[in-house]
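In: Sequence first, then the predicted structure:
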Amino acid sequence: MTSHKRLFDLLDHQLAEFPQEVCIATKENGTWRSYSTADLVETSERLALGLMGLGIKPGDKVAIASGNRSEWCIVDQALLRMGAINVPIYPTSSADDYAYVLQHAGVKVFFASNLEIHAKAEAAAASVPGLQHIYTFDQLDGLPHWTMLLGSDSGQRSVLEEYKAAVRSEDLATIIYTSGTTGKPKGVMLTHANILSNVVASKERLPVDVGTRCISFLPLCHIYERMLMYLYQRTGMNVHFQESLDELGARIKEVRPHVFTAVPRLLEKIYDSILSKGEALTGIKRQLFLLSIKLGEDYDVHGKSAWYKLKLALVNKLVFSKWREALGGEVLCVASGSAALHPRLARIFNAAGVPVMEGYGLTESSPVVSVNDARNDGLRFGSVGKPLSNVQVYIADDGEILVKGPNVMVGYYKEPDLTAEVLDAEGWLHTGDIGQVDVEGFLYITDRKKEMFKTSGGKYVAPQVIENKLRASRFIEQAMVIGENRKFPAALIVPSFAFLKDYCALKGIPYTSNEQVVKEQRIIDRIKQEVDRMNQGMGHWEQVKKFALLPKDWSIEGGEFTPSMKLRRKPILALYSDAVERIYGNG
């Protein structure tokens, strides 16, 4: 694989060595629309010819805002082949962020998946004079469709071949604007070589081969899923896109994937659903279910007693087999990233024969720094695995994780000062994350350096650790720990309203609205039990002493989350300032 110099070489390798009948596929109106390897290469080159007809040249920026679908991949391949730069945008980004990114990057052509995104792009275009064309993936009356660009040879094929030959490994492949929790998005510049190096090293950790099936639903605009897309292309896998989380469960059963990626919150929801169904059982079935959970919680990679293994084999056949079937029955690996996965959950899924491998990375590192591997004694629960073979990790004196390797970005686009803040003179990327490496070489993440705060008593508190413990409760959907310059930590908690409805019905507690139920004393008391349980084992200075239950789910649109689902802490504090002051007795 190291002979490949440009990202499009990976797909060309697939075409030459193991062409697939189903390279990529998207379900459209109930029917799978697939592209073979040859189809994908040919369609992307025809699109490149069409873009050249618009005057797009190597180095020009083209934006995509869409959920996961085949057209995303086609446009990406077209841009790679002509040396243009892909600027992906989260579909859920605000109109202001659209305008900022398009203007800052100097985007000339925009691809929008649907009418809603087209409207955002059109509104932004007024402040982006260089944006010349907007095309849609959906067929929409009166709007230019992307297929209008599919050019024929028309004498330009030789020019395209010249463009392809001129693309170098150190050329920019993409500028990805990270959704900062504060301030404007920063454009991370990644080269072909950056991403290729991550493809090479990540493949060593994934149990994949030619013909392996995967389902892709995490956003392709994020480098995590996108890097894996290139890995899938190099390996010769069959990729099935799912544009939204609606009907995801049914689609997984249909595709029967060997591999897929997930964020911890999705795995938590899958587990909560399993738990709710299991607790509704009676008699011997209920006893077996509860035994399976207990065995899962005790699971360890280094094995247990013969008696434990016998019991695990029993529940594997009678209980866990149904879990695996719900995920298609053939899962070899679930790669989890983006946020911390609770070790308890990782143990249970692995005990059930669903290997969940937690990893760690950043957009700035293309993205993978480290990842677990169930093979070769490469898995430790609670860790994010060992660093990749071509990535160096160093823990600074203050605990910050520093990263160095061919995967580290060039810098932030048009932001030399911001680049200098995170990339030092020796090439070390200062991640802003706090962690440690054990004697075996496994990396453990503790918190975000910038998110740690000090109480008025001078004690440091790592909020993410506490928040992850809180979210492990079925009663809690989201939580943010507060307490900077206050006497004690507290928490803003969004309950899991879907679970509360069932719980209230079971316990005979009124539930007329979210606003009513968060004031219900029996609910407050029950969630306090969850908080008290979480506090066990925590230092007294980091225990959550008080909390407020909030009646509204947090969302990207509401301003509580970035498009990559990270907490926007300062805006949340401002939005819920009344609740904060009630907690601390000042209002």
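Out: Alright, I've got the coordinates. Keep in mind the model is a prediction, meaning the values are calculated, not measured.
In: Show me where the stretch 451-587 of the chain has its helices.
Out: 463-471, 497-507, 514-517, 521-535, 569-575, 577-583 (DSSP state H, counting those that start in this stretch).
In: how about the second one as PDB, C-alpha atoms only?
Out: Same thing as helix 497-507. Taking Å, rounded to 0.1, in the frame of the first residue of the first chain, the C-alpha atoms of helix 497-507 are listed here in PDB:
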ATOM      1  CA  PHE A 497     -37.400  11.500  28.300                       C
ATOM      2  CA  ALA A 498     -38.200   8.400  26.200                       C
ATOM      3  CA  PHE A 499     -37.100   6.200  29.100                       C
ATOM      4  CA  LEU A 500     -38.800   8.400  31.700                       C
ATOM      5  CA  LYS A 501     -42.200   8.000  29.900                       C
ATOM      6  CA  ASP A 502     -41.900   4.200  30.300                       C
ATOM      7  CA  TYR A 503     -40.600   4.500  33.800                       C
ATOM      8  CA  CYS A 504     -43.500   6.900  34.900                       C
ATOM      9  CA  ALA A 505     -46.100   4.600  33.300                       C
ATOM     10  CA  LEU A 506     -44.600   1.600  35.300                       C
ATOM     11  CA  LYS A 507     -44.500   3.500  38.600                       C
END
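In: list the buried ones in it?
Out: 497, 499-500, 503-504 (16 or more other C-beta atoms under 10 Å). In this view, the C-beta of every residue, glycine as well, is placed from N, C-alpha and C.
In: These into CSV, with extra columns for pLDDT?
Out: As requested, the buried residues of helix 497-507 are arranged in CSV below (pLDDT from 0 to 100):
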residue, pLDDT
497, 92
499, 90
500, 93
503, 92
504, 94
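In: just the residues you listed now: which is nearest residue 477?
Out: residue 497 (7.3 Å; C-beta to C-beta).
In: Now that closest one. Nearest residue, chain neighbours left out?
Out: In this structure, residue 497 finds its nearest non-sequential neighbour in residue 514, 5.7 Å apart by C-beta to C-beta, 6 or more residues apart in numbering.
In: ok now do that neighbour, which residues does it touch?
Out: Counting by C-beta atoms under 8 Å, 6 or more residues apart in numbering, residue 514 touches 497, 551-552.
In: Can I get these in a markdown table including distance to residue 61?
Out: Output for the contacts of residue 514, formatted as a markdown table (distance: C-beta to C-beta, whole Å):
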| residue | distance to residue 61 |
| --- | --- |
| 497 | 42 |
| 551 | 42 |
| 552 | 37 |
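In: out of these, which one sits closest to residue 117?
Out: Taking those together and measuring to residue 117 by C-beta to C-beta, the closest member is residue 552, at 25.1 Å.
In: Same question for the residue of the chain positioned farthest from its centre, what's its three-state structure.
Out: When distances are taken from the C-alpha mean of the chain, residue 155 lies farthest, 41.9 Å away, according to C-alpha atoms, centre = their mean. Three-state assignment for residue 155 (DSSP: H, G, I helix; E, B strand; the rest coil): coil.
In: Helices along the stretch 251-400 of the chain, start to end?
Out: 264-279, 283-297, 306-315, 321-326, 343-351.
In: Highest mean neighbour count across these, which stretch is it?
Out: helix 343-351 (a mean of 21; mean count of other C-beta atoms under 10 Å).
In: what angle sits between it and helix 463-471?
Out: 60 degrees (axes from the mean of the first three to the mean of the last three C-alpha atoms, to 10 degrees).
In: Helix 343-351 - contacts with which helices or strands?
Out: helix 264-279, helix 283-297, strand 356-361 (3 or more C-beta pairs under 8 Å, 6 or more residues apart in numbering; DSSP states H and E).
In: any chance of the ones you listed in TSV, plus distance to residue 367 and mean pLDDT?
Out: TSV is the format used below for the helices and strands packed on helix 343-351 (distance: least, C-beta to C-beta, whole Å; pLDDT from 0 to 100):
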stretch	distance to residue 367	mean pLDDT
helix 264-279	16	87
helix 283-297	29	93
strand 356-361	3	95
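In: now those in JSON lines, with distance to residue 90?
Out: Converted to JSON lines, the helices and strands packed on helix 343-351 look like this (distance: least, C-beta to C-beta, whole Å):
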{"stretch": "helix 264-279", "distance to residue 90": "17"}
{"stretch": "helix 283-297", "distance to residue 90": "35"}
{"stretch": "strand 356-361", "distance to residue 90": "18"}
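In: quick one: which of those is nearest residue 147?
Out: It is, among those and with distance given as C-beta to C-beta, helix 264-279, at 32.9 Å.
In: who touches that closest one?
Out: Here helix 264-279 makes contact (C-beta under 8 Å, 6+ apart) with 245, 286, 289-290, 293, 323, 326-327, 334, 336, 338-342, 345, 348-349, 356, 471-472, 474, 496, 499, 502, 565.
In: Could you do stretch 549-569 as well?
Out: With contacts defined as C-beta under 8 Å, 6+ apart, stretch 549-569 is touched by 90, 92-93, 97, 178-182, 222, 263, 265, 338-339, 451, 467, 477-478, 480, 492-495, 497, 513-515, 517-519, 523-524, 527, 571-572, 575-576, 579.
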